[in-house]
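K.L.:
the amino acid sequence is not available; the structure is as follows:
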Ligand SMILES: NC(=O)c1ccc[n+]([C@@H]2O[C@H](COP(=O)([O-])OP(=O)(O)OC[C@H]3O[C@@H](n4cnc5c(N)ncnc54)[C@H](OP(=O)(O)O)[C@@H]3O)[C@@H](O)[C@H]2O)c1
């Protein structure tokens, strides 16, 4: 950890940071000197990561919130503002889905749940932090998308509500970038392809993983670190005029 990193002095919120890609993003931002608020529904799980960051010399707090609920989100952002006074970086990392199925097998409940998790959560969290950012005329919002937003891939069977929500998230990103540009706030998406996080690894055997790699132009799967480094760049001073983009981190799985 270094106080002189690329994000020294910055205040960041990372949602979904108790495991997987967003955990790696939170650790990466902290490594570069940001003070990071880690958010998930399970306080003990997100506390484990925050303690680990602090033990390594970084600065982190753990906050419990279901980011699909506006009340939870307001309480969470108020806690960050009470602690650190403002927010420089918001990473909307929460997302995902459970289940697969054709359109005939997809229920209304599946649709609402997955759209709320992947799209409404980003709206609620962005809305809760923008006043702080607008007042200071600076800020970074980074939405974690997915290759599923761009096109079906050979690697996975896209669950329709997930693909729709992630595609919606990209539209939200572009339009919010236009709204917030006059306030010096950038809004971008970073979209990984299949990443073997602990959860994603569970249902895939070695043969499946090898097949997925072989279907990819670069013959590999991306790792959480690849997405985290892309987020770091988007959040850095060097990217101050990059806004409204969807940065694919997919080793060519889907080329758009
Ligand atoms: N892994 C992939 O292959 C892949 C590929 C493309 C895109 N992505 C995207 O990358 C992001 C991270 O994916 P991942 O696979 O790394 O996730 P993951 O391992 O499933 O972790 C999800 C995280 O979100 C938290 N979470 C879930 N629901 C929440 C809620 N309602 N409120 C607050 N926190 C919540 C979970 O903690 P709690 O359960 O404690 O709340 C956990 O920390 C997602 O946006 C996903 O769509 C992933």
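P.N.:
Okay, I see it. This structure is a prediction, so every number in the text was calculated from the model and none was measured. Residues are numbered from 1 along each chain as shown.
K.L.:
going forward, measure contacts between C-alpha atoms and count neighbours the same way
P.N.:
Noted.
K.L.:
hmm, residue 143 is touching residue 189, no?
P.N.:
Yes - under the criterion of Cα atoms under 8 Å, residue 143 makes contact with residue 189 at 4.5 Å.
K.L.:
where does residue 95 land in three-state SS?
P.N.:
coil (DSSP: H, G, I helix; E, B strand; the rest coil).
K.L.:
what's the next secondary structure element after the helix-or-strand element of the chain with minimal mean pLDDT?
P.N.:
Every helix and strand of the chain was ranked by mean pLDDT, DSSP states H and E. The lowest is helix 198-202, at a mean of 87. Reading on from helix 198-202 to the C-terminus, the next helix or strand found by DSSP states H and E is helix 206-214.
K.L.:
those helices in the chain, which residues are they?
P.N.:
20-31, 43-55, 70-84, 108-115, 121-136, 160-180, 198-202, 206-214, 224-235 (DSSP state H).
K.L.:
which bits of the stretch 151-256 of the chain sit near the ligand?
P.N.:
Counting by Cα under 6 Å from any ligand atom, the stretch 151-256 of the chain comes close to the ligand at 192-195, 197, 199-200.
K.L.:
buried subset of the residues you listed as a ChimeraX selection?
P.N.:
Of those, the buried ones go into a single ChimeraX selection, burial set by 16 or more other Cα atoms under 10 Å:
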select :192,193,194,195
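K.L.:
coming back round to it: need the residues touching each of residue 143 and residue 189.
P.N.:
residue 173 (Cα atoms under 8 Å, 6 or more residues apart in numbering).
K.L.:
before we move on, back to that, so which of the helices of the chain comes closest to residue 248?
P.N.:
Evaluated over the helices of the chain, closeness to residue 248 peaks at helix 224-235, with 8.8 Å, by Cα to Cα.
K.L.:
relative to the ligand, how far out is residue 169?
P.N.:
Separation of residue 169 from the ligand (Cα to the nearest ligand atom, to the nearest Å) stands at 10 Å.
K.L.:
ok, residue 125 next?
P.N.:
Applying Cα to the nearest ligand atom to residue 125 and the ligand gives a distance of 11 Å.
K.L.:
then residue 35?
P.N.:
Applying Cα to the nearest ligand atom to residue 35 and the ligand gives a distance of 18 Å.
K.L.:
kindly report the same for residue 89.
P.N.:
Taken as Cα to the nearest ligand atom, the span from residue 89 to the ligand is 16 Å.
K.L.:
in contact with that residue, which residues?
P.N.:
So residue 89 contacts 10-13, 139-142, 235 (Cα under 8 Å, 6+ apart).
K.L.:
if we can go back for a sec, deepest-packed of the helices of the chain, please.
P.N.:
Mean neighbour count, computed with mean count of other Cα atoms under 10 Å, is highest for helix 20-31 among these, reaching a mean of 25.
K.L.:
quick check: angle from it to helix 224-235?
P.N.:
Counting by axes from the mean of the first three to the mean of the last three Cα atoms, to 10 degrees, helix 20-31 points 50 degrees away from the direction of helix 224-235.
K.L.:
ok, is helix 20-31 in contact with the ligand or not?
P.N.:
Yes - using Cα under 6 Å from any ligand atom, helix 20-31 reaches the ligand at 20-22.
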